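Q: 3D model of this:
(one chain, ligands or ions: 1)
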Amino acid sequence: MRRINLDQIQAGSVLAKTIMTLDGTVLLSCGTELNDEYIKRLQFNGITQIFIEDEISRGIHVPEFIREEIVTEAKQLVRETMVNTSITTSIDGKKVMEVVDKIIESILVNEDIIVTLSDIRSVDDYTFSHSVNVCIYSLVIGIGLGYEGDKLRELGVGSMLHDIGKIRIPQQILKKPGRLTPDEFEEIKKHTLYGYEILKGVEGISMAALFIALGHHERSDGSGYPHHLRKDNIHKAARVVAISDVYDALTSDRVYRKKLMHHEVVDYITSLASHHFDQEIVDTFIRYVAYYPVGTAIILNNGEKGLVSKYNKYFPTRPVVRIVMDEEGKMLPRHKEINLNEKLEYRIVKVWDI
Ligand SMILES: [Fe+2]
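A: Residues are numbered from 1 along each chain as shown. Okay, the predicted model is just below:
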């Protein structure tokens, strides 16, 4: 199985994971042979990536980090919360906590906590998927930092609702495909203050959650917003969410730009660690996030091409790879597996789209 961009897909490929809409209806089931009509249907629904099973990826298992039905339930809850919350109706804090507990349970089932989120999402559902993913990444970091019990749960609730203040920002600004004007950007920045205000009125919501909504765009060097706080003046939970937020945003396709590869975003966050983020939290984060997720198409330094077939949690840059093409791009009659941790003469030089 491997992940592929929809614009690379050929008719005849077989879908390896069922694609659901946010309402829980099946758009296309696992095992469907894709034809032009199905591909158009996916495009129409704003899907940009899918999983397929083909000759070169047969037998490669992309692990499910978190149970799909829990992710769907969480996305639906965020959508409900963001669409329905107004002056008259408030957020159901208890329900959010229940879903966060399920997510924590589902994360802890994993033997090795190496997070790769394989959700297939529509560009239109971005905000809901983003909220849930930020929650998952933040909980993984929290577990890595030794959080448990209420402290972990508060981090989960706050991270899931970190952008709740956006419900007070006009849709035409939030969904603007082009560059924002300085005034529009000032307006967007207010979602942090609005989030704090909204959550302040919700029963059972902790101070940590309020500070996450308020502080997740603050940066260690004072370059963030809304209060240009520095280092330890930023609440620790907000420093965790700052990293998850940037990571998920940059690894996602947006209307105005294509996503970056996971390893590029990890490198980007690492390079900014001392300026924007908290070094200890960045170090924890990179221990648990996949550098080259299973199924990633790679090129080795000798020109051979293949797919990552097994993750190496101790040396994330040296996974096991399945070589399927020689250096001239000719398919090999038989695939070969190379454990890069044992064959030090080889290294990955590029990630590409097959
Ligand atoms: Fe935000």
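Q: what sits against residue 233?
A: Under the criterion of Cβ atoms under 8 Å, 6 or more residues apart in numbering, residue 233 has no neighbours. All C-beta spots, glycine's among them, are computed from the backbone N, C-alpha and C.
Q: Give me the residue ranges of the stretch 51-200 of the chain where confidence is low.
A: For the stretch 51-200 of the chain, residues meeting the criterion pLDDT under 70 lie at 85-89, 113, 117-124.
Q: in it, which spans are helices?
A: With helices called from DSSP state H, counting those that start in this stretch, the stretch 51-200 of the chain shows them at 68-84, 93-109, 126-144, 149-160, 171-174, 182-189, 191-200.
Q: Can you report how many residues lie near the nearest residue to residue 340 once chain neighbours are set aside?
A: Setting aside the residues directly before and after it, residue 340 is nearest to residue 318 in space (Cβ to Cβ, 6 or more residues apart in numbering), at 3.9 Å. Neighbourhood size, residue 318 [other Cβ atoms under 10 Å]: 19.
Q: Let me know whether residue 318 touches residue 338 as I believe.
A: No. Using Cβ atoms under 8 Å, residue 318 is not in contact with residue 338, being 10.0 Å away.
Q: which residues sit in contact with the closest residue in space to residue 139 that isn't next to it in sequence?
A: Distances taken as Cβ to Cβ, 6+ apart place residue 156 nearest to residue 139, at 5.1 Å, with adjacent residues excluded. By Cβ under 8 Å, 6+ apart, the contact set of residue 156 is 100, 103-104, 135, 138-139, 142.
Q: gap between residue 156 and residue 102?
A: According to Cβ to Cβ, to the nearest Å, residue 156 and residue 102 sit 10 Å apart.
Q: and what of residue 192?
A: From residue 192 over to residue 102 the distance is 27 Å, taken as Cβ to Cβ.
Q: so what's the residue nearest to residue 340 up against?
A: Contacts for residue 318 were tallied using Cβ under 8 Å, 6+ apart; they are 312, 340-341, 347.
Q: Which element, helix or strand, includes residue 241?
A: Using DSSP states H and E, the element containing residue 241 is helix 236-250.
Q: that older thread, distance check, the residue nearest to residue 139 against residue 19.
A: 26 Å.
Q: re the thing from before, of all the contacts of residue 156, which comes closest to residue 217?
A: Relative to residue 217, the closest of those is residue 138; by Cβ to Cβ it sits at 14.6 Å.
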